[in-house]
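Trainee: Return a 3D structure for these sequence lines:
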Amino acid sequence: MSTTVGDKQDERSFAETALRLGGKSDEEARRMGAVDRADEQVESLFKPQYQTTRSPVHRAVWEGKAPLELFLPPPLPESAPCDNSMEASIQVVRRHRQAGTLFDTKGKLSATVLGELGNAGYWGMLIDPQYGGQGAPFARFARFLIRMATFDPMTAGLASVHGCIGAVDPVRTFGNADQKRRFLPRLASGAALSGFALTEPGAGSDMTALKTTAVAAGDYFDVSGEKLFITNVVPGRTIGLVVVLDGKPAVLVADLPPEENDEFRLKTYTITALRHAHNNGLLFNRFRVPRANLLVPPIGDGLTIAYHGLNLGRVSLAAGAAGSMRVMLANMLNWAGFRRTYGQAISGRELVKRRIARMAALIVGTDALTAWSSWLIDEGYRGELECIIAKIFGSEAMKEAAIELFMKTHGGRSFLRGHLFTDNIFDYLAPCIYEGEGEILGLAFFKSLVKEHGKEFFEPIGKTLQRAGIKDFKPWHPVHAWTLRHELASYTRWLVRQKLTASDHQRINGMDSRLAEHLRFALAQLGRQPMEISSAMRKHQLKLADRQCRMAELSQRIQDLIVILVTTLSAQQSRDETTIAAADILCQDLHRRLTGQRATDRYFRDVSRLADMVLAGSFRQIAGVDGGEILMKY
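Mentor: Predicted coordinates:
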């Protein structure tokens, strides 16, 4: 009996062990443990050198020296076989946008456009050519999404829904030979557009609360339950369907019937975000899915499959944000040149210049993070920490750009029907929620970052205290200290090594002096993070899981430092003065947020100088972007 219990305890994840030791209920510990195990199972799909503990962010925080070579992706090749399809897809959207035929009478992307995009190869960008796809490297795909979003952000978004979090990634990653042969050619051509049916009325970030079930019935599964907020689904499309099968999550690839019937119905509602795409609930009543459509991962269950594609979707959201902010900036420049107050165009006003400069800075940062994280995916990294940073920064940047910079510059005209702001505000805000709400995702980032440190030093302490019956550990208590003498000795050795670790003084030869100062700051601050993190873990011990605000604050500090690091290296590589100036402004802003310092007069001069460069047309990131018309000219 004791052996069985011991085996079960050994199978528990770090999160489950910590929660149980911290006094959480069996249900909460079990549920969080299931999510943590799914995360570990996804990790095991990657080679050890590409897992989270060997990722650039993890190493930059815990090893005392950031691997700078992993923070600077090389330039993309000038051309690739997928380029022709990408250009053809752009031309489809551009032509229909100019003709006013992009959307149907219900305001959705029209069937004609979707079909023409299929003919151009758009829906198969991430599918191998042997199945009719384009085989685009993910970094090239992400850069393409930025460009597509400048023409139509919803078209760019659907490429991600279909290819990253829809049925494409599950089938190409976990499908067997027969499943790939049956599904991938149809997914590549657009004959089967797809989505991913995971969310339920009571199951969102808590994936353990799923209630949709699949029951074996001969050669089929009978599926019953309800899905909610599923993008890109209408009758006739294909979905990755997450169900509970034999008590565990599983994923089925399901072709929805061409019309609703007694087994399958839509649950419609009004949703203001992503209004140009279909978003529906799905009601299943013994809906039949062939057993041959069950995806079987090499390890784990359906949660492993669900987790796998999330990082691709997160980077795609950042790419879409970078494209949308380009359109906002181009539109702002049109308006700032037209609008006059007291006889002067507002483009000459310092407050407006600050907004223009800040928008350019956000674009440069989002571009850098998108290029970096997508390159790591191509290199074979899981990219969990890196893709989370890109998603959070990109989505929060677009929210700030839309409300604080774009809306306030346009004033009351922002609320006119037909204005870029009014027509798209919910789409600008939605990425803060989709693929993980920002602060919750920040907690996941922190937990992944500290997991190995916790397993090595704090889990042994917790288990020893539990065995000794010590519920309130006091380091100065002689009995407590003696009980933990071995564990504390190991941890003390780590503390000593940290104090003896030399500061990271890496330099880049020929680096712009502004960027070099930001790089120095980021490296110095990253070197302090292990002690700060470990101090918080010592202070709160097993109650740290309940200190969400403290974890969120620590998480954001590290994210900001990584943004500075990636942005400075990317800007230096660009050799473009306007890009460097924009990176400098972003890094100055992040520096002040981290230190609490006030803006200086020099900073305001730098802001105005950058705005003047953007106004003069030297910000190449918006070259060729249509700024749109000015409503109600006077």
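
Trainee: hmm, who's touching stretch 478-498?
Mentor: With Cβ atoms under 8 Å, 6 or more residues apart in numbering as the test, stretch 478-498 has contacts from 457, 460-461, 464-465, 468, 470, 473-475, 530-531, 534. (Glycine included, C-beta is placed from N, CA and C.)

Trainee: which one of these is nearest Ala217?
Mentor: Of all the contacts of stretch 478-498, Ala217 sits closest to Pro460, with 48.1 Å by Cβ to Cβ.

Trainee: part of a helix, is that closest one?
Mentor: Yes - under DSSP: H, G, I helix; E, B strand; the rest coil, Pro460 falls within a helix.

Trainee: you'd agree Glu384 is up against Arg54?
Mentor: No - the criterion here is Cβ atoms under 8 Å, and Glu384 misses it with Arg54 at 11.7 Å.

Trainee: So for those two, which sits in the more crowded spot?
Mentor: Between Glu384 and Arg54, counted using other Cβ atoms under 10 Å, Glu384 has the larger neighbour count: 24 against 17.

Trainee: Enumerate every residue touching that one.
Mentor: Contacts of Glu384 by Cβ under 8 Å, 6+ apart are Thr52, Ser55, Asn311, Ser448.

Trainee: ok, 6 Å please
Mentor: Thr52, Ser448 (Cβ atoms under 6 Å, 6 or more residues apart in numbering).

Trainee: And it, what's its pLDDT?
Mentor: With respect to pLDDT, Glu384 scores 96.

Trainee: With Gly462 instead?
Mentor: Reported pLDDT for Gly462: 80.

Trainee: What's the first helix or strand after the helix or strand containing Gln91?
Mentor: Applying DSSP states H and E as the criterion places Gln91 in helix 83-99. Sequence-wise, the next helix or strand downstream of helix 83-99 (DSSP H and E) is helix 111-120.

Trainee: What residues of that following helix count as buried?
Mentor: Val113, Leu114, Glu116, Leu117, Gly118, Ala120 (16 or more other Cβ atoms under 10 Å).

Trainee: Check the second one and give its pLDDT.
Mentor: By that I understand Leu114. Taking Leu114 on its own, its pLDDT is 98.

Trainee: again, but for the last one
Mentor: pLDDT recorded at Ala120 is 98.

Trainee: re earlier: of the contacts of stretch 478-498 - the most surrounded one?
Mentor: Ile461 (22 neighbours).

Trainee: which residues touch it?
Mentor: Leu484, Glu487.

Trainee: for this protein, where's the lowest mean pLDDT among helices and strands?
Mentor: helix 2-11 (a mean of 39; mean pLDDT, DSSP states H and E).

Trainee: List the buried residues for stretch 86-105?
Mentor: Buried-residue list, stretch 86-105, by 16+ other Cβ under 10 Å: Met86, Ser89, Ile90, Val92, Val93, His96, Arg97, Leu102, Phe103.

Trainee: just those now: which is nearest Ala502?
Mentor: Nearest member of the buried residues of stretch 86-105 to Ala502, counting by Cβ to Cβ, is Met86, at 46.3 Å.

Trainee: got a list of what the closest one touches?
Mentor: Contacts of Met86 (Cβ under 6 Å, 6+ apart): Phe144.

Trainee: Show me the two of the buried residues of stretch 86-105 that sit farthest apart.
Mentor: Most distant of the buried residues of stretch 86-105, by Cβ to Cβ, are Met86 and Phe103, 22.0 Å apart.

Trainee: Leu193 reaches Gly236, doesn't it?
Mentor: No - the criterion here is Cβ atoms under 6 Å, and Leu193 misses it with Gly236 at 8.7 Å.

Trainee: Looking at these two, which one has more neighbours?
Mentor: Comparing Leu193 with Gly236 by other Cβ under 10 Å, the one with more neighbours is Leu193, at 25 against 13.

Trainee: Tell me the spatial nearest neighbour of the more buried one, not counting adjacent residues.
Mentor: Spatial nearest neighbour of Leu193, chain neighbours left out: Arg237 (5.1 Å); criterion: Cβ to Cβ, 6 or more residues apart in numbering.

Trainee: So what does that neighbour look like in phi/psi?
Mentor: phi -100, psi 170 (degrees, to the nearest 10).

Trainee: With Val289 instead?
Mentor: phi -130, psi 130.

Trainee: His278 touches Val234, doesn't it?
Mentor: Yes - assessed by Cβ under 6 Å, His278 is found in contact with Val234 at 5.0 Å.

Trainee: Of those two, which one has the most company?
Mentor: Higher neighbour count among His278 and Val234: His278, with 20 against 15, using other Cβ under 10 Å.

Trainee: and the more buried one, what does it touch?
Mentor: Val234.

Trainee: ok, 8 Å please
Mentor: Lys108, Thr231, Asn232, Val233, Val234.

Trainee: residues near the second one, how many?
Mentor: What it means is Thr231. 24.

Trainee: OK, contacts around it?
Mentor: Thr231 sits next to Val161, Gly195, Leu274, Ala277, His278, Asn279 when contact means Cβ under 8 Å, 6+ apart.

Trainee: which one among those gets closest to Arg288?
Mentor: Checking these one by one against Arg288 (Cβ to Cβ), the nearest turns out to be Gly195, at 19.3 Å.

Trainee: With adjacent residues omitted, what lies nearest to the closest one?
Mentor: Nearest one to Gly195, counting by Cβ to Cβ, 6+ apart, is Asn232 at 4.0 Å.
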